[in-house]
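Student: quick check, what structure comes out for this input:
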Amino acid sequence: MPKPRKTLVSLDATPYYHCVSRCVRRAFLCGIDAFTGNSYEHRRKWVEDRLLTLASIFAIDIATYAIMSNHYHVVLRINHEQALDWTESDVIEHWHQLFKGSMLSQRYSQGEKLSKAEHDALSEQVNEWRERLMSISWFMRCSNEPIAREANHEDKVTGRFWESRFKSQALLDEKALAACMTYVDLNPIRARMAKTPEQSDHTSIKRRTKQALKAKQPYLPEQQPAALLAFAGNPREDMPDGIPFALSDYLELADWSGRIIREDKKGHIQEHQPDILQRLDIDPRNWVYLTKNFEQPFKNLVGAAHHVRQACEGIGKNWVHGINQCNKLFSSA
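Tutor: Residues are numbered from 1 along each chain as shown. Modelled structure (predicted):
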């Protein structure tokens, strides 16, 4: 029996998670169904818009995403500090953007005075909603359920649209984060949906490159896409909040990796390798494998082997699937 996700890893280990939701039916989530000839391409925008909307409501940031034909990938970061900084009014306002709330929260929002007992009861509800607003499971639920209802209505069918459980992988260190983000951003290239990352529709990397071309100083966090978690640069003292890489390094890495894995290329390791690979201390040969096969070798915990062992100790696990692959793939030459 699957364990609840909250028991698999704690926020002390990592705030970053790679999530994948897949359709359960033969019919496509998006694209053109070869059997019927029907086009579902417009649904890709449904999913993209929903993810970006939820990122503005939850205390959860989007690092990267890619909307594919029958599934989508998203790398999320739980912003625990943001959730704790919210006042009760903030939490209620955010929750009401998703649900009706309760009679007490509605009265509170309308400015009615509550008794002490009523306010205490509301505070209990707010604490529960605060936890949910930084929950990966609730984020994915609020993403998938409206899409399923709309798709079923359009298809004039009932029943499940998504697999019952989305897949999630905890990304325990910079190596795992960089490899997973690149894997997600290059999904359309592997599927022959695009030739370059910047041509990949309904992906975060296209949104980032489009913004970078418009911005005067595109590598500053404040000039990156507001809907996405910004790249903050390489780790240093007084580092701003964001992804611990330089945007320029990451875009170079994604472009280099994409050229290698294209189906019309031989796949050899080019002499010029992005400097970020040296900083992350990853063998380029292992990197190519990771950016093609990130989901297969690992289950719930991904990162250098010693980080996986530390996370296992924190959640009381004695062993985790894929730790030998972690030891092999996240090592230097």
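Student: how about the strands of the stretch 201-333 of the chain, start to end?
Tutor: 301-302 (DSSP state E, counting those that start in this stretch).
Student: show me what contacts the residue nearest the centre of the chain?
Tutor: Centroid-nearest residue in the chain, with C-alpha atoms, centre = their mean: residue 75, separated by 1.7 Å. Residue 75 sits next to 16-19, 62-65, 171, 177, 180-181, 184 when contact means C-beta atoms under 8 Å, 6 or more residues apart in numbering. Any C-beta I mention is one placed from the backbone N, CA and C, and that applies to glycine too.
Student: who wins for most neighbours among those residues?
Tutor: residue 171 (29 neighbours; other C-beta atoms under 10 Å).
Student: shaky segments in this structure?
Tutor: Within the chain, the ranges that satisfy pLDDT under 70 run 1-10, 25-34, 262-271, 319, 332-333.
Student: residue with max distance from the center of it?
Tutor: Farthest-out residue of the chain from its mean C-alpha position, per C-alpha atoms, centre = their mean: residue 115, at 41.2 Å.
Student: for that residue, give its distance to residue 105.
Tutor: For residue 115, the distance to residue 105 equals 15 Å [C-beta to C-beta, to the nearest Å].
Student: all helices of the protein, in order?
Tutor: 42-57, 80-85, 88-96, 103-109, 116-132, 136-155, 174-185, 187-190, 204-214, 247-261, 275-280, 284-293, 305-315, 323-329 (DSSP state H).
Student: which residues touch the shortest one?
Tutor: By that I understand helix 187-190. Residues contacting helix 187-190 (C-beta under 8 Å, 6+ apart): 66, 68, 73, 194-197, 200-201, 203, 258, 261-262, 292.
Student: now distance to residue 322 and neighbour count too, for those residues, in JSON lines please.
Tutor: Formatted as JSON lines, the contacts of helix 187-190 follow (distance: C-beta to C-beta, whole Å; neighbours: other C-beta atoms under 10 Å):
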{"residue": "66", "distance to residue 322": "22", "neighbour count": "29"}
{"residue": "68", "distance to residue 322": "23", "neighbour count": "24"}
{"residue": "73", "distance to residue 322": "18", "neighbour count": "24"}
{"residue": "194", "distance to residue 322": "29", "neighbour count": "18"}
{"residue": "195", "distance to residue 322": "32", "neighbour count": "14"}
{"residue": "196", "distance to residue 322": "31", "neighbour count": "16"}
{"residue": "197", "distance to residue 322": "27", "neighbour count": "24"}
{"residue": "200", "distance to residue 322": "28", "neighbour count": "24"}
{"residue": "201", "distance to residue 322": "32", "neighbour count": "15"}
{"residue": "203", "distance to residue 322": "26", "neighbour count": "28"}
{"residue": "258", "distance to residue 322": "25", "neighbour count": "24"}
{"residue": "261", "distance to residue 322": "21", "neighbour count": "17"}
{"residue": "262", "distance to residue 322": "27", "neighbour count": "16"}
{"residue": "292", "distance to residue 322": "16", "neighbour count": "15"}
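Student: and which of those residues is nearest to residue 142?
Tutor: Distance to residue 142 across the contacts of helix 187-190 (C-beta to C-beta) is lowest for residue 73, with 17.3 Å.
Student: now do the contacts for the closest residue to the closest one other than its chain neighbours.
Tutor: Once flanking residues are discounted, residue 73 sits nearest to residue 184: 4.4 Å by C-beta to C-beta, 6 or more residues apart in numbering. By C-beta under 8 Å, 6+ apart, the contact set of residue 184 is 18, 64-66, 73-75, 204.
Student: output stretch 62-73 as CSV, restricted to C-alpha atoms.
Tutor: In CSV, the C-alpha atoms belonging to stretch 62-73 read as follows (Å, rounded to 0.1, in the frame of the first residue of the first chain):
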residue,chain,number,x,y,z
ILE,A,62,7.2,26.9,-10.1
ALA,A,63,10.8,26.3,-11.2
THR,A,64,10.0,24.6,-14.5
TYR,A,65,7.2,22.9,-16.4
ALA,A,66,6.4,21.2,-19.7
ILE,A,67,2.9,20.3,-20.9
MET,A,68,3.1,17.2,-23.1
SER,A,69,0.5,15.1,-25.1
ASN,A,70,-0.8,12.8,-22.4
HIS,A,71,1.1,14.1,-19.3
TYR,A,72,2.7,17.1,-17.8
HIS,A,73,5.9,17.7,-15.7
